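Engineer: kindly generate the corresponding structure for this input.
(chains A and B)
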Amino acid sequence: MSEHPGSWRDLLGQAGQPAGHGEVPDMRLASAGDVGAGIDGAGGVLRQSRMPWRSASGVARGFGRSMSTAKEELGTSHGKLKVGTEGLSSIAVLAAVRESWETRLGDAQAECASLDVKLRNVAAAHNENDHAVQGSFAKLGEQGAEAVGRGQTGRAGLVNGMSLPPDQGVRP
Amino acid sequence: MTWGLTLPGVSGLTWQQLDALDLGLLETAADGWGQASGRADASRTRVDNEMVDVLKKSQEGDAERAAVRRLRQLSQNFQYVYMQCGMARTSLNGLAAELRAPQKQLREVLDEARERKFTVKPDGSVEYPAAGKGEGGQPPPGGSSGAAGVPHHDAQGDRQPGRHSR
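Structural biologist: Now for the predicted structure:
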């Protein structure tokens, strides 16, 4: 391919793409990886499955509970400390340190809850996407089956064999 | 009878307070920090093994990269909690251990004073009664020894040694 026209060069320059190297800028999914990361340099790679996200979400939820328990344990373990250690100035300092750490543990708990929701959302989004794609293929299959039934095309039913009745399937 | 109490960091501690200290409470508090530290350590391991590694191996894309970045930050935060809470636990256990020896020494001295029917005054001085036979058939008179190196604590009354609980 020859040099890009001036207007294209400007646009590519603004977009930070190398212009004028005889290459067409790659267009790929926003969620895909860098060029060359895929098999045979075919572009970005996108691998998605639902279970790891759901599992990670469950682990994050567990962290939230664990941090909450840690906060409670810290409070309980210091319950009678002030009374039984009168005269130790370091205990007064410790109270301030503990208060600060209870806040931090609360923050960690909130962070884990936030992560739980985000990870669960990724899993849900993937699930919906998966079902939508599956549904669209099923629809294609039905259309193919109708086409076969009408005799318009011989092998269209193979788009989605699942939707074809056994007697309409095309056998090898 | 005199004894000097020079405990680093607890110079304001009177002998009565040292006697009454429940060092087990310091260790219980240390356990609380230890539990928080342990939970953070276990959480860090799970973030690394059950989240970051799993997502990196099974997923690829911007969502995976963003999630892994944030999870690594979470892992570092857990590591920080683990270390800091662990330090608090160590400090409290160390304080209890350092105070245990002088407390034991103090209690032994107080027990000894009680056995001899001496009275330990709030300022650490000791009064002793007349006893035995002295010159001319008279018992040696009672008296007291001054305190040295023991802080005063006027708010409390005399201490009859041996009444403390163990």
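
Engineer: the helices in chain A, which residues?
Structural biologist: Assigned by DSSP state H, chain A shows helices spanning A:6-14, A:50-77, A:81-84, A:89-149.

Engineer: elements contacting the shortest one?
Structural biologist: Judged by 3 or more CB pairs under 8 Å, 6 or more residues apart in numbering or on different chains; DSSP states H and E, the packing partners of helix A:81-84 are helix A:89-149, helix B:23-46. Any C-beta I mention is one placed from the backbone N, CA and C, and that applies to glycine too.

Engineer: list the contacts of it.
Structural biologist: By CB atoms under 8 Å, 6 or more residues apart in numbering or on different chains, the surrounding residues in contact with helix A:81-84 are A:91, A:94, A:95, B:20, B:21, B:22, B:25, B:26, B:28, B:29.

Engineer: of these, which is the most crowded?
Structural biologist: Per-residue neighbour counts (other CB atoms under 10 Å in any protein chain shown) across those peak at residue B:29, which has 28 neighbours.

Engineer: which helix in chain B has the most residues?
Structural biologist: As assigned by DSSP H, the longest helix anywhere in chain B is helix B:62-115.

Engineer: that helix near chain A anywhere?
Structural biologist: Yes - interface with chain A: helix B:62-115 contributes B:62-64, B:67, B:70-71, B:74, B:77-78, B:81, B:84-85, B:88, B:92, B:95 (CB under 8 Å from any CB of the partner chain).

Engineer: show me what contacts residue A:135?
Structural biologist: Counted by CB under 8 Å, 6+ apart, residue A:135 has zero contacts.

Engineer: which ones are touching the residue in chain A that chain B sits nearest to?
Structural biologist: Going by CB to the nearest CB, chain B is nearest to residue A:77 of chain A, at 2.6 Å. Shown in contact with residue A:77 (CB under 8 Å, 6+ apart): B:28, B:29, B:30, B:31, B:32, B:33, B:35.

Engineer: roughly how far is stretch B:28-39 from the heart of the chain?
Structural biologist: Distance, stretch centre to chain centre, for stretch B:28-39: 15 Å (CA atoms, centre = their mean, to the nearest Å).

Engineer: give me the average confidence score over it.
Structural biologist: Mean pLDDT, stretch B:28-39: 97.

Engineer: restrict that stretch to CA atoms and write it as PDB.
Structural biologist: In PDB, the C-alpha atoms belonging to stretch B:28-39 read as follows (Å, rounded to 0.1, in the frame of the first residue of the first chain):
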ATOM      1  CA  THR B  28      -3.900 -11.500  74.500                       C
ATOM      2  CA  ALA B  29      -3.700  -8.200  72.600                       C
ATOM      3  CA  ALA B  30      -0.600  -9.600  70.800                       C
ATOM      4  CA  ASP B  31      -2.700 -12.600  69.700                       C
ATOM      5  CA  GLY B  32      -5.300 -10.200  68.200                       C
ATOM      6  CA  TRP B  33      -2.500  -8.600  66.100                       C
ATOM      7  CA  GLY B  34      -1.200 -12.000  65.300                       C
ATOM      8  CA  GLN B  35      -4.600 -13.200  64.000                       C
ATOM      9  CA  ALA B  36      -4.900 -10.100  61.800                       C
ATOM     10  CA  SER B  37      -1.400 -10.700  60.500                       C
ATOM     11  CA  GLY B  38      -2.100 -14.300  59.800                       C
ATOM     12  CA  ARG B  39      -5.300 -13.500  58.000                       C
END
